[in-house]
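Chemist: Following is a predicted model, sequence given first.
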Amino acid sequence: MTKYILVSGGVVSGIGKGVIASSTGLLLKTAGLKVTAIKIDPYMNIDAGTMRPSEHGEVYVLNDGGEVDLDLGNYERYLDVTLSRDNNITTGKVYRDVIEKERRGDYLGKTVQIVPHLTNAIQEWIERVSKIPADETGTEPDVCIVELGGTVGDIESAPFVEAMRQFQFRVGHENFALIHVSLVPDMHGEQKTKPTQTTVHALRGLGLLPDLIACRLTVSKPLETATKEKISMFCHVHPDQVIGVHDLASVYHVPLLLQSQGIVKYLRKRLNLDSVNISPAMLERGQSIENRWKQMTTGQERFFETVSIALVGKYTDFKDSYMSVVKSLEHSALRCQRRLIIHWVESENLQPEMQEQEPAKYHDAWRLVVGADGILVPGGFGSRGIEGMILAIKWAREQKKPFLGICLGFQCAVIEWCRNVLGLQGSSSTNILLYIGANSAEFVPDSPSSPSVVVFMPEISKTHMGGTMRLGLRPTVFSEGTESWSKVRALYAGAGKIWERHRHRYEISPPHVEQIEASGLPFIGKDEKGERMQCLELLDHPYFVGLQAHPEFCTRPLNPSPPFLGFVAAACGPSVLQAQMEAQRKTFKPPHPEHAMVSEALLRNEGEPLPTETPQANGVANGSA
């Protein structure tokens, strides 16, 4: 029987349930258990794909093309698992499931209600998905972590809370445990327990009794003994069941903090985990994970040298918009044994008009770009701030500063090259188009004076935004001859074909590719048919790389994303980059299971539609480049 651990939250959202859920799962993996995770988001959207990054955070993309909540990124990174779109449950998905059953007549004429039909659908969904293999063993997980989004008492969460109340009896007492995460504010040095008391009382009134209360403190001061005893008394739990989670130097220390307070010992007894048959190989794997994790976190505290990265984006006011990008940089800095410093640069502030409108912001932004060890332009959508991104890329290219462009950043690198290199060549030749006004069809209409070197992909829907982009795990094939000089290929251990996740609806214009490459900008990675440009790299540059894919979605703390690792290493210096390329050739292992790395051509020949080929009418949305 699968063991289930529900993680709920109280008082405020964004309290850290995802990190605590992921850390708990990691600790259970170190005990030799196989762990998977499910995130419940009580919003009406079918998925996160149509939601604004500045409001909801990044849209995380899975191998199967699922656009999901960013917490699934935490699960995949901490647990080193591969999840599916069904691991993210939304109100919209469940209601659609129930309504489709009703339309088919599955309920045999009964009146369809929230209880029992919707709550049953939620329970059945959780049970079904919890059985899906998620790691390299290919076998059913032992434990499923279920995180309930939002806070206790939210109207939209009510059906899910009721479903989980029923679920605890459905699976049995020793197969269900509840961790409730609550805020303990520190007011003038005094830790206040009333918010936690209130939210636990509300939870108990709904029929769910917490087994562990994780008290989140937003200061670096640990939970005091008196505070723990007070929460224990008024929330009807033993003091050992009250855990403090204060601010730490790094979120990677959270698993060790939870371990030090006996969470594994408690869950082992509460869920009778000793009854689970764990092979010696799994125990050895768990011990290896624990040792490597401790080595990583303890080593981080001893780093004295720094590496600074200018992240030139358009959602810098809400840093969760770039969650996976930041994690990729962190993982890479850990591998390079450097302390990471990120300079958040709003791309609009780099544009010339800002020099007159807000000169302080303009000069501050350029000071950060010029002073950084490396420049990164991540994904995004829309025309705002694009000219600032292009100027930052131009500076990185001309000044030989390490550069990494992701999705939109890749496209902007091509536009910059066409304007400032190919355009100048074209001005003196009638055989080459005049590219000085080169742009993307996403930003301006195509015209002779402004040719679109980035175009809308022909198969993408122009009427439906949800789930219609080029999504999910896709192959990139490196060009012949690149193995002798390509830095990014060396970081993938010299592989001829690599796999990364995509999320875009625009691509490099095929008619312009030959002229662009002839001018000195090689597209070293393309799709299997050689029609879509997916990776560029300059030869005579310390590190100038762009990818149409989003490699940040596949980074792991103990297995950093290769393009990000190379970028950070290059920002540390040529010798560090060379050392990492040599190490990667020996140790790099793709984070994807073998069965996921299937060619697009094979899928099409078998008549199986790719995820993006079934448009879903779920509203007009924002979309990544």
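Modeler: Great, that's in hand. Residues are numbered from 1 along each chain as shown.
Chemist: CA atoms for contacts and neighbours, from now on please.
Modeler: Fine.
Chemist: Which helix runs longest in this structure?
Modeler: Determined from DSSP state H, the single longest helix within the chain is helix 280-300.
Chemist: Per-residue pLDDT of Met1, please?
Modeler: On the pLDDT scale, Met1 is placed at 87.
Chemist: typo on my end, it should be Gly299
Modeler: Value listed for Gly299 in the pLDDT field: 77.
Chemist: how is the chain carved up into domains?
Modeler: Using automatic domain parsing, the domain parsing of the chain gives 3-293, 306-413+470-605.
Chemist: Sketch out the low-pLDDT regions of the protein for me.
Modeler: Applying pLDDT under 70 to the chain picks out residues 424-434, 446-449, 459-468, 600-625.
Chemist: Apply 80 and report the result again.
Modeler: Under the criterion pLDDT under 80, the flagged ranges of the chain are 13-14, 53-56, 299-302, 423-436, 445-451, 457-469, 593-625.
Chemist: And the strands in the stretch 501-625 of the chain?
Modeler: 506-508, 523-526, 533-537, 544-547 (DSSP state E, counting those that start in this stretch).
Chemist: what packs against the longest one?
Modeler: For strand 533-537, the packing partners by 3 or more Cα pairs under 8 Å, 6 or more residues apart in numbering; DSSP states H and E come out as strand 523-526, strand 544-547.
Chemist: Which among these is found nearest to Asp247?
Modeler: strand 544-547 (34.8 Å; Cα to Cα).
Chemist: other SSEs contacting the closest one?
Modeler: Here strand 544-547 is seen to pack against strand 403-406, helix 408-417, strand 533-537 when contacts are counted using 3+ Cα pairs under 8 Å, 6+ apart.
Chemist: before we move on, back to that, would you mind finding the most buried of the strands of the stretch 501-625 of the chain?
Modeler: strand 544-547 (a mean of 28; mean count of other Cα atoms under 10 Å).
Chemist: nearest to Pro239, of the helices and strands packed on strand 533-537?
Modeler: strand 544-547 (50.8 Å).
Chemist: what's the burial count for Thr137?
Modeler: 11 (other Cα atoms under 10 Å).
Chemist: Kindly report the same for Ser328.
Modeler: For Ser328, using other Cα under 10 Å, the count is 26.
Chemist: contacting residues around it?
Modeler: Counting by Cα atoms under 8 Å, 6 or more residues apart in numbering, Ser328 touches 552, 555-556, 560-561, 564-565.
Chemist: How about Val200?
Modeler: 10, 180, 210, 235.
Chemist: before we move on, the earlier item: can you tell me which of the contacts of Ser328 are in helices?
Modeler: Cross-referencing the contacts of Ser328 against helices under DSSP H gives 564-565.
Chemist: mind putting the contacts of Ser328 in CSV, neighbour count included?
Modeler: Shown next, in CSV, are the contacts of Ser328 (neighbours: other Cα atoms under 10 Å):
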residue, neighbour count
Glu552, 27
Thr555, 28
Arg556, 24
Pro560, 26
Ser561, 28
Phe564, 27
Leu565, 28
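Chemist: Tell me which stretches of the stretch 1-150 of the chain form strands.
Modeler: 3-9, 35-41, 60-61, 67-68, 88-90, 143-148.
Chemist: Just list what the second one packs against, helices and strands only.
Modeler: What it means is strand 35-41. Using 3+ Cα pairs under 8 Å, 6+ apart: strand 35-41 touches helix 17-30, helix 71-79, strand 88-90, helix 119-130, strand 143-148.
Chemist: how about those, which one is nearest Gln197?
Modeler: Of these, nearest to Gln197 by Cα to Cα is helix 17-30, at 17.8 Å.
Chemist: how about the closest one: buried residues?
Modeler: By neighbour count on 16 or more other Cα atoms under 10 Å, the buried set for helix 17-30 is 17-30.
Chemist: what distance separates it from the centre of its chain?
Modeler: Computed by Cα atoms, centre = their mean, to the nearest Å, the chain-centroid distance of helix 17-30 equals 16 Å.
Chemist: For the closest residue to Asn349 other than its chain neighbours, give me its contacts.
Modeler: Ranked by Cα to Cα, 6 or more residues apart in numbering and with sequence neighbours excluded, the top spatial neighbour of Asn349 is Tyr362, at 5.0 Å. Taking Cα under 8 Å, 6+ apart, we find Tyr362 in contact with 349-351, 354-355.
Chemist: Can you convert the residues you listed into TSV and add a column each for distance to Arg384 and secondary structure?
Modeler: Supplementary listing: those in TSV, determined by distance: Cα to Cα, whole Å; DSSP: H, G, I helix; E, B strand; the rest coil:
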residue	distance to Arg384	secondary structure
Asn349	11	helix
Leu350	12	helix
Gln351	11	coil
Met354	13	helix
Gln355	17	helix
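Chemist: of the residues you listed, closest to Ile415?
Modeler: Using Cα to Cα, the contacts of Tyr362 come closest to Ile415 at Gln351, 15.9 Å.
Chemist: circling back to that earlier point, indicate which one of the strands of the stretch 1-150 of the chain is closest to Ala48.
Modeler: Comparing the strands of the stretch 1-150 of the chain by Cα to Cα, strand 67-68 comes nearest, at 5.0 Å.
Chemist: and for that closest one, what are the contacting residues?
Modeler: With Cα under 8 Å, 6+ apart, strand 67-68 has contacts from 47-49, 59-62, 85, 88, 467.
Chemist: Touching, Ile132 and Cys144? I think so.
Modeler: No: using Cα atoms under 8 Å, Ile132 makes no contact with Cys144, being 10.2 Å away.
Chemist: Neighbour count for these two, which is higher?
Modeler: Using other Cα under 10 Å as the criterion, Ile132 and Cys144 rank with Cys144 on top: 23 against 17.
Chemist: Could you double-check that the more buried one sits in contact with Leu33?
Modeler: No: with contacts counted by Cα under 8 Å, Cys144 stays clear of Leu33, the gap being 10.5 Å.
Chemist: What is the neighbour count of the residue lying closest to Ser279 once chain neighbours are set aside?
Modeler: The shortest distance from Ser279 to any non-neighbouring residue, by Cα to Cα, 6+ apart, is to Gly32 (7.9 Å). As a burial measure, Gly32 scores 23 neighbours (other Cα under 10 Å).
Chemist: Repeat that for the one 5 residues further on.
Modeler: Using other Cα under 10 Å, the number of residues around Ala37 comes to 29.
Chemist: Likewise for the one 5 residues further on?
Modeler: The local packing of Pro42 (other Cα under 10 Å) involves 22 other residues.
Chemist: Surely it touches Ser157?
Modeler: Yes: between Pro42 and Ser157 a contact is recorded at 5.6 Å, counting by Cα under 8 Å.
Chemist: Quick check: neighbours shared by these two?
Modeler: With Cα under 8 Å, 6+ apart as the test, Pro42 and Ser157 both reach 149-150.
Chemist: Please tell me how far Thr90 sits from Gly207.
Modeler: Remark: distance between Thr90 and Gly207 (Cα to Cα, to the nearest Å) = 22 Å.
Chemist: I should have written Ala549 there, sorry.
Modeler: Distance from Ala549 to Gly207, by Cα to Cα: 45 Å.
Chemist: And the two? Which one has more around it.
Modeler: Neighbour count, other Cα under 10 Å: between Ala549 and Gly207, Ala549 has more, with 28 against 14.
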